[in-house]
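Chemist: Dropping a prediction and its sequence here:
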Amino acid sequence: MPENNEKTLPKGLSSDYSLPGRFEESNSEYYGVDSFKPKPKNRAILVTVIAFLIVSTGFFSYYFVNQNEIDSRIIQKTLNIDPEKRLANQYGVGEYGSEHAHAAIVVFVDDEQLNFGLSQFQVSSRYIHFENHNPHIIHKHATDVPLDMLFASFGMTVTVDCIILDNDKFSEIKITRFCNGPDQSLVSYVNGEKYYSDISQYVLEHDDRILISFGDDESISKHLSYLESLEIFDIPKKTPQYSGNDITI
């Protein structure tokens with residue numbers, strides 16, 4: 001039976017290119033160079049991703065190098081809120097002018113009265129303050145204002161155990177922390193009655209008389225008698241006006 005040469009593949013590798021189309025398949029031009037180039041859309045996405053990575057890397061590099069400065073700016077913007085507004089927000093007090101009350105207060109440390117008549121303690125808050133260099137009359141001009149807001153306005157802290165004084169404000173007193181001990185204790189009285197809760201959270205009423213005393217018990221009766229002798233001015237009928245640090249009523 002005669003061989004069918006047209007259906008028999010050549011055995012030699014050198015003869016592969018003799019087959020129809022084999023030479024074209026071996027030539028890169030056969031497929032077209034353009035078919036291997038990235039599509040314009042894919043190229044745009046790739047460029048966008050690379051640009052984003054470059055920008056992100058630059059931002060985070062800048063942040064980590066300048067982290068302290070950036071954080072301090074953020075904190076500073078927060079702290080730039082009016083200190084008076086921060087105190088009002090902190091204590092949740094009423095609107096200025098929502099209440100008006102006068103009360104007397106004396107604070108003794110080792111039998112020495114703290115002098116709130118000095119200028120550094122005057123009108124430190126419009127909501128609750130001392131004024132006209134009077135060392136004992138508290139003026140309260142809003143509802144729900146605790147004594148702690150008065151103390152905080154000029155750098156004083158009173159707890160159930162301690163009186164802590166600001167070094168700058170109370171420069172005449174060398175020791176600025178006075179806490180309960182074996183021989184000395186901190187006590188508070190409101191209108192002649194011992195106050196067992198945290199006096200700093202007390203919201204005073206008109207004509208209240210408040211004693212805070214750190215020392216021995218023997219001085220308490222003397223301090224209470226002194227407090228009782230102090231005059232509390234009547235509240236005027238006119239509404240007090242606030243303009244900066246000049247509050248007079």
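Modeler: Structure's in. What do you need?
Chemist: where does this protein dip in pLDDT?
Modeler: 1-42, 47, 52-81, 235-249 (pLDDT under 70).
Chemist: Please enumerate the strands of it.
Modeler: With strands called from DSSP state E, the chain shows them at 101-109, 112-113, 128-129, 137-140, 156-158, 162-165, 177-179, 185-190, 193-194, 209-215.
Chemist: Same list, the ones you listed, but as CSV with distance to Y91 please.
Modeler: Where you see a C-beta, it was placed from the backbone N, CA and C, and this is true even at glycine. Formatted as CSV, these follow (distance: least, Cβ to Cβ, whole Å):
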stretch, distance to Y91
strand 101-109, 16
strand 112-113, 26
strand 128-129, 10
strand 137-140, 12
strand 156-158, 14
strand 162-165, 18
strand 177-179, 23
strand 185-190, 19
strand 193-194, 24
strand 209-215, 18
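Chemist: nearest to Q122, of those?
Modeler: With Cβ to Cβ as the criterion, Q122 lies closest to strand 128-129 of those, at 7.2 Å.
Chemist: what pairs with that closest one, and is each one parallel or antiparallel?
Modeler: strand 137-140 (antiparallel) (DSSP bridges).
Chemist: ok, and what's touching the strand it pairs with?
Modeler: Residues outside strand 137-140 that contact it (Cβ atoms under 8 Å, 6 or more residues apart in numbering) are 99-105, 127-131, 150, 204, 232-233, 240, 247, 249.
Chemist: I138: neighbouring residues, count only.
Modeler: 22 (other Cβ atoms under 10 Å).
Chemist: separation between it and K194?
Modeler: 20 Å (Cβ to Cβ, to the nearest Å).
Chemist: Stretch 213-227: which residues count as buried?
Modeler: S213, F214, G215, I220, H223, L224, L227 (16 or more other Cβ atoms under 10 Å).
Chemist: again with stretch 151-158
Modeler: Buried, per 16+ other Cβ under 10 Å, within stretch 151-158: F151, A152, S153, F154, G155, M156, V158.
Chemist: same thing with stretch 162-171?
Modeler: I163, L165, K169, F170.
Chemist: Which segments of this structure make up each domain?
Modeler: 14-80, 87-229 (automatic domain parsing).
Chemist: List just the nearest of the buried residues of stretch 213-227 to D144.
Modeler: For these, the nearest to D144 is L227 (24.4 Å; Cβ to Cβ).
Chemist: In this structure that closest one contacts S213, no?
Modeler: No: L227 lies out of contact with S213 (Cβ atoms under 8 Å); the separation is 9.7 Å.
Chemist: Now list whatever residues contact both of these two.
Modeler: Y189.
Chemist: V93 and S171, how far apart?
Modeler: 29 Å.
Chemist: What of L227?
Modeler: 25 Å.
Chemist: Y196 too?
Modeler: 33 Å.
Chemist: With F154 instead?
Modeler: Using Cβ to Cβ, one gets 13 Å for the distance from F154 to S171.
Chemist: Could you do F151 as well?
Modeler: 17 Å.
Chemist: pretty sure Q122 is in contact with F130, am I right?
Modeler: Yes: counting by Cβ under 8 Å, Q122 touches F130, with 5.6 Å between them.
Chemist: Tell me which of the two has more neighbours.
Modeler: More crowded of Q122 and F130, by other Cβ under 10 Å: F130, with 23 against 18.
Chemist: Next up, the contacts around the more buried one.
Modeler: F130 makes contact with F116, G117, F121, Q122, V123, S124, H136, I137, I138, H139, according to Cβ under 8 Å, 6+ apart.
Chemist: which of these has the most neighbours?
Modeler: Neighbour max across these (other Cβ under 10 Å) = H139, 25 neighbours.
Chemist: Could you check how far that residue is from I128?
Modeler: Counting by Cβ to Cβ, the gap from H139 to I128 is 7 Å.
Chemist: go on, D183?
Modeler: 33 Å.
Chemist: Settle it for me: which of the two has more neighbours?
Modeler: For D183 versus I128, neighbours defined as other Cβ under 10 Å are more numerous around I128 (26 against 7).
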